[in-house]
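Q: sequence below, structure please.
(one chain, ligands or ions: 1)
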Amino acid sequence: MVATVTKTNLDGFRNEQDFIEDFLKREYSLVKPYRGLGLSSSSQWDLMGTAMVTPDYVRLTPDLQSRQGAVWSRIPLSVPDWELQVHFKIHGQGKKNLNGDGMAIWLTKDRMQNGPVFGNMNQFTGLGIFIDTYPNADKNLDRLFPFVSVMLGNGSLSYDHDYDGRTTELGGCAAMTRNAVYDTLLLVRYSKNRLTLMVDVDGKQEWKDCADVTGLRLPSGYFFGASSATGDLSDNHDLIAMKLYQLTVERTPEEEEAEEEEEEVTIPRVDNMEQFQVEVQEEEMSGVQFFFTLLFSVLGLGVLAVVGLSVYGRWKENKRKRFY
Ligand SMILES: [Ca+2]
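A: You can find the predicted model right below:
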């Protein structure tokens, strides 16, 4: 029997319940008041770049050109089934599509790095959720922006900023997250190798599906973070809260057995996706396959020989008829 849990800390709403209960893990959460954030040695989070704390939000970047800011958890994640709720606000003076670049939520092996992917390093290892507010790839807008997308990095995959990361994205959706009238939130749930991304941006207090990736394998011990960057175009990128819930999920005995037998995941990957197959192993022929391959080869050669001989015979006969 799966009980329904009413949440009191996030407006008491929730969609499908496929877990028994959840439990807020304070050590992985960033909530008001952000006491000692980035300053105290007892703080569980570090600030970098232009990130600054105010009573109501953590501003990753101000609405000014060429800024980078981030906040990173100090504690490696050891929760197997979890849900992360992110409350953020992106706003600025720029007219639509004259603002940028957006922000990213991370769960990665490395932390506190500078770089070109929304203020974090490229070729990252782990999970990146991007709230991309500027269309770099095409100005015809065959895709609405802001666009929220998911990428899994394995340390060699590269996020292509000029193409808005389309070549590496695992899923995503348009979400009107900039200069929004309503609270803008996103939810990332990871359980049983399935990653679900949902958004709530239109004040209806319900989660809308954005991406759903199965067979996604993420090692444990990674760090949560949020980062943002501005370039020629800018925005205020504010993080209001990141809440991490540990989920209690029912597993069938078969599922438990399968998980125990699985090898420990050391590099993030998605099953059945070519870009995550580092080694390509040639399939070996079984004995039966080998026997039939040999049999048909011999039979085929035999047929060819017979056909060849009869053609040769006729040709010889024709030749003889012609000369005599
Ligand atoms: Ca972009």
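
Q: how about the residues of the stretch 151-300 of the chain near the ion?
A: Within reach of the ion by Cβ under 5 Å from the ion, the stretch 151-300 of the chain has these residues: D164. Backbone N, C-alpha and C define where each C-beta goes, glycine included.

Q: which residues of the stretch 151-300 of the chain score low on pLDDT?
A: Low-confidence segments of the stretch 151-300 of the chain (pLDDT under 70): 275, 277-286.

Q: now with 90, please.
A: 250-251, 255-256, 258-264, 272-300 (pLDDT under 90).

Q: strands along that one, start to end?
A: Counting by DSSP state E, counting those that start in this stretch, the stretch 151-300 of the chain has strands at residues 171-174, 184-191, 194-200, 208-213, 216-217, 223-229, 236-248, 269-270.

Q: for those, state which one has the densest average packing.
A: Among these, strand 223-229 has the highest mean neighbour count (mean count of other Cβ atoms under 10 Å), at a mean of 28.

Q: and for it, what's in contact with it?
A: Here strand 223-229 makes contact (Cβ atoms under 8 Å, 6 or more residues apart in numbering) with 28, 58, 60-61, 67-77, 84, 86, 88, 101-111, 116, 118-120, 237, 239, 242, 244.

Q: quick one: work out the angle between it and strand 236-248.
A: Angle between the axes of strand 223-229 and strand 236-248 is 160 degrees (criterion: axes from the mean of the first three to the mean of the last three Cα atoms, to 10 degrees).

Q: mind listing the strands strand 223-229 pairs with, and their directions?
A: If you go by DSSP bridges, strand 223-229 pairs up with strand 68-73 (antiparallel), strand 102-108 (antiparallel).

Q: how far does it sit from its chain's centre?
A: Counting by Cα atoms, centre = their mean, to the nearest Å, strand 223-229 is centred 14 Å from the centre of its parent chain.

Q: do stretch 144-162 as well
A: Counting by Cα atoms, centre = their mean, stretch 144-162 comes out at 8 Å from the chain centroid.

Q: likewise stretch 202-210?
A: The chain centre lies 20 Å from the centre of stretch 202-210; the measure is Cα atoms, centre = their mean.

Q: that stretch: end-to-end distance?
A: Stretch 202-210 has an end-to-end distance of 14 Å (Cα to Cα, to the nearest Å).

Q: now swap in stretch 230-240 and tell me
A: Stretch 230-240 has an end-to-end distance of 19 Å (criterion: Cα to Cα).

Q: list the contacts for V79?
A: K25, Y28, L244, Q246.

Q: relative to the ion, which of these is nearest.
A: Distance to the ion, by Cβ to the ion, is smallest for L244 among the contacts of V79, at 26.9 Å.

Q: neighbours of the nearest residue to that closest one once chain neighbours are set aside, how many?
A: Nearest residue to L244, sequence neighbours excluded (Cβ to Cβ, 6 or more residues apart in numbering): Y28, at 3.8 Å. Neighbourhood size, Y28 [other Cβ atoms under 10 Å]: 23.

Q: over to V150?
A: As a burial measure, V150 scores 25 neighbours (other Cβ under 10 Å).

Q: next: S29.
A: For S29, using other Cβ under 10 Å, the count is 19.

Q: looking at it now. What's its pLDDT?
A: As predicted, S29 sits at a pLDDT of 96.

Q: my read: it touches L239, true?
A: No. Counting by Cβ atoms under 8 Å, S29 stays clear of L239, with 11.8 Å between them.

Q: what about the helices in the stretch 201-324 of the chain?
A: 253-261, 287-323 (DSSP state H, counting those that start in this stretch).

Q: near the ion, which residues of the stretch 1-150 of the chain show up?
A: So far as Cβ under 5 Å from the ion goes, the stretch 1-150 of the chain lies against the ion at D132, Y134, N136.

Q: so which of these wins on neighbours?
A: In terms of neighbour count, D132 stands highest of these at 25 neighbours, by other Cβ under 10 Å.

Q: any of the contacts of strand 223-229 buried? List them.
A: Buried by 16 or more other Cβ atoms under 10 Å: 28, 58, 60-61, 67-73, 77, 84, 86, 88, 101-111, 118-120, 237, 239, 242, 244, out of the contacts of strand 223-229.

Q: quick one: contacts for N272?
A: For N272, the contact set (Cβ under 8 Å, 6+ apart) comprises G215.

Q: got the residues of the stretch 1-150 of the chain next to the ion as TSV, with secondary structure, pLDDT and distance to T214 columns?
A: TSV is the format used below for these (DSSP: H, G, I helix; E, B strand; the rest coil; pLDDT from 0 to 100; distance: Cβ to Cβ, whole Å):
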residue	secondary structure	pLDDT	distance to T214
D132	strand	97	24
Y134	coil	95	30
N136	coil	93	29
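
Q: reformat these as a markdown table; add distance to G215.
A: Formatted as a markdown table, the entries for those read as follows, by distance: Cβ to Cβ, whole Å:
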| residue | distance to G215 |
| --- | --- |
| D132 | 25 |
| Y134 | 31 |
| N136 | 29 |
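
Q: looking at those residues, which one is closest to E206?
A: D132 (23.2 Å; Cβ to Cβ).
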